[in-house]
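> for reference, the sequence and a predicted model appear below.
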Amino acid sequence: MAYEHISRTTKIVIIVEFVLLAYMLYVLSTSLYKSYQVDRFIETATLENEKLAQENTELIEDYEYYRSEAYKEKIAKQNFGLIRPGEEVIVLVPGDPSSQLADGTEGVYAHTQKYYESLSNPKKWYLFFFDRERFSVGY
């Protein structure tokens, strides 16, 4: 054979070099994989931080709104029926005689209400499902 003239020491050195090369490739591949994992972790953490920052901003805005005078006034009016001095409360009740205009004619709501009541049930359902815009005029 052609390899018979290679000495035994040379063969051992070549084998050691291959083992060393295989070890270096193993270390390099594990290092690259760990680097990839760290990059993915950093990317995930960055996205999570951005999401938390956005939620934090929204919570701060909500907190500021709930502390504002406008919110306090809204709650006082809505839940306790309070009003500011000089304000007037207007309560609109459907079917009330006040739904008539000053000249004695009916307002739009009363007219729409009468039209809707005159419709048959199938027509009302048709309006409810297929013509929401016209259906919602009176309601």
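Done, it's in. Numbers count the residues shown, from 1 in each chain.
> number of nearby residues for the nearest residue to residue 73 once chain neighbours are set aside?
Nearest residue to residue 73, sequence neighbours excluded (Cβ to Cβ, 6 or more residues apart in numbering): residue 84, at 7.7 Å. (Each C-beta comes from the backbone N, C-alpha and C, glycine too.) Residues near residue 84, counting by other Cβ atoms under 10 Å, number 8.
> quick one: residue 84 from residue 77, how far?
Distance of residue 84 to residue 77, computed by Cβ to Cβ, to the nearest Å: 9 Å.
> same question, residue 41
51 Å.
> avg pLDDT for the helix or strand containing residue 113?
Taking DSSP states H and E as the definition, one finds residue 113 inside helix 108-118. Across helix 108-118, pLDDT averages out at 71.
> check which helix or strand covers residue 79.
Assigned by DSSP H and E, residue 79 falls in helix 69-80.
> ok, residue 127 next?
Going by DSSP H and E, residue 127 is in helix 121-130.
> report the distance from that helix to the chain centre.
Here helix 121-130 is found 33 Å from its chain centre; the criterion is Cα atoms, centre = their mean, to the nearest Å.
> ok, and for it, which residues are buried?
Buried residues in helix 121-130, defined by neighbour count with 16 or more other Cβ atoms under 10 Å: residue 127.
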